[in-house]
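Asks: task: produce atomic coordinates for the following.
(one chain, ligands or ions: 2)
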Amino acid sequence: MGKSYTIAVIPGDGTGPEVVDEGLKVLECAAKKHDFSLNFKHYPLGGEHYMKTGEILPDNVIGELRGMDGIFLGAIGHPEVKPGILEKGLLLQLRFELDQYINLRPVRLYEGVSTPLKDKGPEEIDFVVIRENSEGLYAGAGGTLKRGTADEVAIQESINTRKGVERCIRYAFEYCRNRNRKKKLTLCGKTNVLTFAFDLWERAFYEVAKEYPDIETDYAHVDATCMWMVKNPEWFDVIVTDNMFGDIITDLGAMIQGGMGIAAGGNINPEGVSMFEPIGGSAPRYAGKQIINPLAAICSTQLLLETLGEQKAASDIEKAVKKVLKDDLKDVAAGKMGYSTAEVGSLVADYIKTD
Ligand code: IPM
Ligand code: MN
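Replies: Ligands and ions are numbered 1, 2, ... in the order given. Next up is the predicted model:
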């Protein structure tokens, strides 16, 4: 028997549990084939749990998670819980506490999936966004004065530390080198307006770039990045950006790669424990209906296996996902798969078994 890994599973809210089930089905299958074992430890965190117990993310759970080999998360967000409580208290808290300072979001159009971009195909839509995941506007700095009065003041500050920015940029250069595709790294910022924050980003970017002479560097303002992602997505190879801009451009990225049903992401601490999730939300309206595409969750298990170093198993998952998209599913982007959530998971698992 090969290695053994302990993975924390947080199915979460809405459609999270049903897509996580399919991710687990595929993981089990890939592990069996490649002779390693996975021990799953389930945590019932999320909106339901919060409403029942008042508990969001207990300290002892954080402590246990630190000792895991990886975390697989479904979705966080509940219609009866005030916006912000679970997002900040659970999802962002996990990212921050575990110092998952990279949010890795591939934007890849697979064959058989339609994109709203005219005349663009899998060749043109294939890049990766590396979003800083620990600071920026997400750090929670700021405050409110005279709330509810006519003189109300709201301040929300973007925190950018040299250390935080540089470690993200360095990761992006390394990633770009290892990806070995166009070897081009684009910094996405707003140097013409956010002249403090992106001055720091820009200097760090070009200083680190000196250590990577094999990587071509480029810069685009965030608004222009949105434009180019639609007009000429083939210009991008790897994009590195701050937390807020990364959040926004990856929703756009998800749309051009065929929708939220296929977009996966990893919250990565290269020195610690990382957490993988489909990037679409909890979609409470569709919960339990078995109509949500589990491929985003399944693709995030591929990212999980990659970080565990189980490359062969990871690439088996990718191969199977590609085959299912090409041969089996109907119009994924339009939300018509032609199969239930569980059937899609089984299709992927069966291809892994028979391949
Ligand atoms: C994402 C989500 C989260 C974010 C929310 C739910 C806090 O939109 O993972 O992109 O803004 O990071
Ligand atoms: Mn988002």
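Asks: now Val129: how far from ligand 1?
Replies: From Val129 across to ligand 1, the span is 11 Å (CB to the nearest ligand atom, to the nearest Å). For the C-beta atoms, the positions are set from N, CA and C on the backbone; glycine is no exception.
Asks: ok, that residue - contacts?
Replies: By CB atoms under 8 Å, 6 or more residues apart in numbering, the residues touching Val129 are Leu104, Arg105, Pro106, Val107, Val238, Ile239, Val240, Thr241, Gly246, Ile249, Thr250, Gly253.
Asks: nearest residue to Tyr219 in space, please, no chain neighbours.
Replies: Nearest non-adjacent residue to Tyr219, counting by CB to CB, 6 or more residues apart in numbering: Leu187, 4.9 Å away.
Asks: what is the burial count for Ala313?
Replies: Using other CB atoms under 10 Å, Ala313 has 26 neighbouring residues.
Asks: contacts only, for the residue nearest to the spatial centre of the chain.
Replies: Geometric centre of the chain, nearest residue: Gly265, 1.9 Å, by CA atoms, centre = their mean. The contact partners of Gly265, by CB under 8 Å, 6+ apart, come to Asn103, Leu104, Arg105, Thr250, Phe276, Glu277, Pro278, Ile279, Ser300, Leu303.
Asks: among the contacts of Val129, which ones lie close to ligand 1?
Replies: Among the contacts of Val129, no residue lies close to ligand 1 (CB under 6 Å from any ligand atom).
Asks: just the residues you listed now: which is nearest ligand 1?
Replies: Checking those against ligand 1 with CB to the nearest ligand atom, the nearest one is Thr250 at 6.4 Å.
Asks: what does the protein have sitting close to ligand 1?
Replies: When proximity is defined by CB under 6 Å from any ligand atom, the chain lies next to ligand 1 at Glu87, Leu91, Leu92, Asp247, Ile279.
Asks: farthest pair in those residues?
Replies: Between any two of these, the greatest separation by CB to CB is 14.3 Å, found for Leu92 and Ile279.
Asks: what's downstream of the particular helix or strand that has the residue nearest to Tyr219 in it, the next helix or strand?
Replies: Using DSSP states H and E, Leu187 sits within strand 184-189. As assigned by DSSP H and E, the chain's next helix or strand after strand 184-189 is helix 197-209.
Asks: could I get the contacting residues of Gly14?
Replies: Neighbour list for Gly14: Ala75, Gly77, His78, Gly281, Ser282, Ala283, Pro284, Tyr286, Ala287 [criterion: CB under 8 Å, 6+ apart].
Asks: what residues sit buried inside the lengthiest strand in the chain?
Replies: In the chain, with assignment by DSSP state E, the single longest strand is strand 4-12. Within strand 4-12, the residues scored as buried using 16 or more other CB atoms under 10 Å are Tyr5, Ile7, Ala8, Val9, Ile10, Pro11, Gly12.
Asks: burial count for the residue of the stretch 201-350 of the chain at minimum distance from ligand 1?
Replies: As assessed by CB to the nearest ligand atom, ligand 1 sits closest to Asp247 within the stretch 201-350 of the chain, at 4.5 Å. Applying other CB under 10 Å, we find 19 residues neighbouring Asp247.
Asks: for Trp235, same thing?
Replies: Neighbourhood size, Trp235 [other CB under 10 Å]: 16.
Asks: ok, it - contacts?
Replies: By CB under 8 Å, 6+ apart, Trp235 lies in contact with Thr186, Trp228.
Asks: rewinding a little: looking at the contacts of Gly265, which is nearest Asn178?
Replies: Closest to Asn178, out of all of these and judged by CB to CB, is Leu104, at 12.2 Å.
Asks: so that closest one sits against Leu304, correct?
Replies: No: look at Leu104 against Leu304 with CB atoms under 8 Å: they stay out of range, at 11.3 Å.
Asks: which residues do those two both contact?
Replies: Counting by CB under 8 Å, 6+ apart, the residues touching both Leu104 and Leu304 are Gly266.
Asks: if you count what's nearby, which of those two comes out ahead?
Replies: Leu304 (28 against 24).
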